[in-house]
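Asks: here is a sequence together with a model predicted from it:
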Amino acid sequence: MSPTDPTDRTAPADAVRIDHLTTSGTFSLDGGTWDVDNNVWIVGDDSEAVVIDAAHDADAILAALDGRTLRAIVCTHAHNDHIDAAPALATATGAPILLHQDDLPLWKQTHPDRAPDGTLTDGQEIPVAGTVLKVLHTPGHAPGAVCLHSGALATVFTGDTLFHGGPGATGRSFSHFPTIIDSIRDRLLTLPPETSVRTGHGDSTTIGAEAPQLADWIARGH
């Protein structure tokens, strides 16, 4: 499938920047399947990059990389719509696939014969293009869900942990509502309010914009 919107550059080409494309496919869990559009985020410069969530279309992601060296394929969690293109992208580029170990049971539902290449751990720093992405373990939507924070870019990539309008879904297997609320309160709402929140689906937002309405979610979290 081809991306549903073009690559969107948010910084000058000679600096570290965030590129964005949207890919389309399906999400399947607990016997159901739904059509979804996923955000794919690429952090890097003209020479190298990291892909956050290789969703649906390895060819489209390769085109967006435009010949840059791919340093890593980082999975915010292991629901199939966020990892289905990861092995093909890894094969094409030689980049390692990185996943938090608590999401291995979900990973194996989609890729039973191909393990990730490395483990993400809380506090780990992933270097790219002169900056770093810091791993924040934020379970709840999935046990091994992580967010990636860059202070230099004033951005956090939240996968399906936090969206414009509230927390990610917790109504299916491997998810837990009080846990996602704890993760958002303790790991995300502590970031500066101007931090851009770049999500796994839908529109971006900011920590400051989400904080007031999250108070009600937090009150219902336990």
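Replies: Now that the structure is in, tell me what you want to look at.

Asks: residues in contact with residue 111?
Replies: For residue 111, the contact set (C-beta atoms under 8 Å, 6 or more residues apart in numbering) comprises 83, 86-87. Every residue, glycine included, has its C-beta placed from N, CA and C.

Asks: what's the burial count for the nearest residue to residue 177 once chain neighbours are set aside?
Replies: Closest residue to residue 177 apart from its sequence neighbours, by C-beta to C-beta, 6 or more residues apart in numbering: residue 170 at 4.2 Å. Per other C-beta atoms under 10 Å, the neighbour tally for residue 170 reads 17.

Asks: name the residues of stretch 20-34 that are buried.
Replies: Within stretch 20-34, the residues that count as buried by 16 or more other C-beta atoms under 10 Å are 20-25, 27-29.

Asks: again with stretch 169-178
Replies: Under 16+ other C-beta under 10 Å, the buried positions of stretch 169-178 are 170, 174-175, 177.

Asks: how about the helices in this protein?
Replies: Using DSSP state H, the helices of the chain run over 58-65, 80-83, 86-93, 104-110, 177-183, 207-219.

Asks: and the ones you listed, which is most packed in?
Replies: Most buried of the helices of the chain by mean neighbour count (mean count of other C-beta atoms under 10 Å) is helix 80-83; its value is a mean of 26.

Asks: average pLDDT across that one?
Replies: Averaging pLDDT along helix 80-83 gives 98.

Asks: may I have it exported as PDB, CA atoms only?
Replies: C-alpha atoms of helix 80-83 as PDB (Å, rounded to 0.1, in the frame of the first residue of the first chain):
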ATOM      1  CA  ASN A  80       0.600  -5.900  14.500                       C
ATOM      2  CA  ASP A  81      -0.200  -2.600  12.800                       C
ATOM      3  CA  HIS A  82       3.000  -1.100  14.300                       C
ATOM      4  CA  ILE A  83       5.400  -3.900  13.400                       C
END
